[in-house]
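Engineer: pasting the structure only:
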């Protein structure tokens, strides 16, 4: 391959390059980085963020935003916990079904609120989701009285905390169940976006709303559907958090929206809309998970992670803008 | 008399492209000198060299007898070279005066803005231009013609010695063009040198003295307008004899394709009734603002209709959304292809397939990529779209090729009725000629075309029948040899005895 092609490949996949560099860097600085235990840890930590990022990708491609995802996650966890308390003797399959159904229902409701306000009442996404973020957070505290909801059966925790496929090294299981769940969600969302007519319509609407409208696309419906998908994935992430901890906290997911948006942007989805990919957002999630885990291993004060990740987001966006200018 | 501005042996190269090669020309004060050439001939590049946006790779620019090297457009403006771009750069929320003084605001001794003085100076200029505009009007409330007057007022207030106008008439109606030409005369009387770019050769005889023809980055010739014919100029631009480039054919009228009765939208248009037939190109003429685009957008379902009926081949239909019209094989090619016609960031395949995707779905809603690629290839060949490949991003194509992709989009959607709104705006002579051939083929294959055009020669040269609109109503319908400039203008014009 000639120089120009290599340059192109690198710039299109900069997030993968950054990921590799980070892994190498942390691996050198810390000899426990590349252990299977740590890698499993990273994958498990990534999951919540990854689920959040899948739905958020749709909304960002549309040219909008959703910062209420953290609050939706909290409400979903609380709802699932209250439901779970009603079935203290439930088995694992029932528990998983309960979690998913709660996630979908809460996500649907929250998504419809956002979607209807944004698509049919022309409320600016930032303002709308800022408001719903506050409202759902308040609701979570009201419903729980400010206290965590605990006393849930162990079957409730299977989805979020269990592992399967025991090995010699890891008798408790090597693959977290939540990772399998995440992979399924990511796969569905990715295929829906990249291979279906609906996905194409999302890209078209985000690329140029007027053209999409004149090409027969119902842009309001596409906007509504995208916000519903975003909230549903946020709610699913929320029930996973509750499952993992085996209790529901009203302040769960606080600040998660930033990491989810960061992952999406790092993965190459432009905040201006029209382009992006669920699969690539996963690389963004990996970058963030590697940074968090790596810095934890090095015993760096955890709030430095915020600083580092914030700086990386800025660099990623500046790079994206510069590349776009060059293309023009 | 010495020329005020000269370009001598200018070459400009970009990586992989030689945009200008050894171009020389002289521009005199008080003269209108036009640059013509196909898209890609180098007109914009030459302008950018003269106005400080680009530095030439070779050659010199001489202004008022001295070699100059502008390193920024600001320097060119300070020196007295002003450009009025095709895309008007007006701040819509600011007033006329604020726009005119933007970047050169007059300040009081204490440092605050001297609004009174800026308003007065602007009003003086507007009065001198004899336009009925107030300096305190918000720019966004004016139409394209009005905003252009702001640009002209700006260059007058800058005391520009050279004014470059890049296709100033492309969004103006005949009436507004007349008003613009009056301003050009006023500038000429102030001894300003005017460099004018246009695709509309008709305008050359009206206002300019000399014309320079560019082709493929080189200067072909500089001619005195009075000494040549339009055909000579076209031949120079294209390098061959063009003949009748409207390709006027005799069309045979087929069945009734679409009939509309009493279409009304409160405050915009009223009682619009007409019929379009297979095998026919129906032209829609009228002043800008007459309501033609609005009628078509409402017909297509993109905007609301308050009253009226639409019949497709005799059957009544209602188009509440564009999708309803698309399903019934109607296509709309919009006025502004960059803003509402294309997904500029996407490639040819994705653009051509867009309206048709739901009709060629695979199971579970998956996109039929095979069909997509085959269709894109088919229409790229049929319409002769010049592009490196079907994955080429639209923003890199020329205007003419972009318009062909839009046409391909609707043909891929099996459109039988095509509504074209200013289809050849901003497209060079060669591409236009190809487009007219495609239009003829379309109607000869049984399709119907409704074409909105503000360009008289195009309306007359291409249409089989012409409907003229005025102030939201149909003022007349012309067929065969009734179609001439005088009849169209009299039907389109808003005059005192027009309200009968």
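Structural biologist: Alright, I've got the coordinates. Because the structure is a prediction, the values reported are computed rather than measured.

Engineer: in the stretch 301-450 of chain B, what residue is nearest chain A?
Structural biologist: residue B:323 (3.7 Å; Cβ to the nearest Cβ). C-betas here are computed from N, CA, C, even on glycine.

Engineer: in a helix, that residue, correct?
Structural biologist: Yes: under DSSP: H, G, I helix; E, B strand; the rest coil, residue B:323 sits within a helix.

Engineer: quick one, what contacts the nearest residue to residue B:210 once chain neighbours are set aside?
Structural biologist: Spatial nearest neighbour of residue B:210, excluding adjacent residues (Cβ to Cβ, 6 or more residues apart in numbering or on different chains): residue B:33 at 5.0 Å. Contacts here follow Cβ atoms under 8 Å, 6 or more residues apart in numbering or on different chains; on that basis residue B:33 touches B:25, B:27, B:193, B:194, B:195, B:196, B:208, B:209, B:210, B:211, B:212.

Engineer: 10 Å instead, please
Structural biologist: B:3, B:5, B:25-27, B:193-196, B:208-212, B:222, B:225 (Cβ atoms under 10 Å, 6 or more residues apart in numbering or on different chains).

Engineer: same question for residue B:390.
Structural biologist: The neighbourhood of residue B:390, defined by Cβ under 10 Å, 6+ apart, consists of B:347, B:348, B:349, B:350, B:352, B:372, B:373, B:375, B:376, B:377, B:379, B:380.

Engineer: what's the neighbour count on residue 130?
Structural biologist: Unless you meant another one, I'm taking chain A. When neighbours are defined as other Cβ atoms under 10 Å in any protein chain shown, residue A:130 has 14 of them.

Engineer: wrong one, chain B
Structural biologist: Count around residue B:130 with other Cβ under 10 Å applied: 10.

Engineer: just to be sure, it is in a strand?
Structural biologist: No: per three-state DSSP, residue B:130 lies outside any strand segment and is coil.

Engineer: not counting sequence-adjacent ones, nearest residue to it?
Structural biologist: Nearest to residue B:130 is residue B:182, by Cβ to Cβ, 6+ apart, at 7.3 Å.

Engineer: got a list of what the one you found touches?
Structural biologist: Contacts of residue B:182 by Cβ under 10 Å, 6+ apart are B:129, B:130, B:131, B:207.

Engineer: and the pLDDT at the residue of the stretch 151-300 of chain A found nearest chain B?
Structural biologist: Relative to chain B, the nearest point of the stretch 151-300 of chain A is residue A:216 (3.7 Å; Cβ to the nearest Cβ). The per-residue pLDDT reported for residue A:216 equals 94.

Engineer: do residue B:496 as well
Structural biologist: 44.

Engineer: next one: residue B:40
Structural biologist: 65.

Engineer: show me what contacts the residue of the stretch 151-300 of chain A closest to chain B?
Structural biologist: For residue A:216, the contact set (Cβ under 10 Å, 6+ apart) comprises A:201, B:301, B:321-327, B:354-359, B:413.

Engineer: leaving out chain neighbours, which residue sits closest to it?
Structural biologist: residue B:323 is the one closest to residue A:216 (Cβ to Cβ, 6+ apart), at 3.7 Å.

Engineer: thank you, goodbye.
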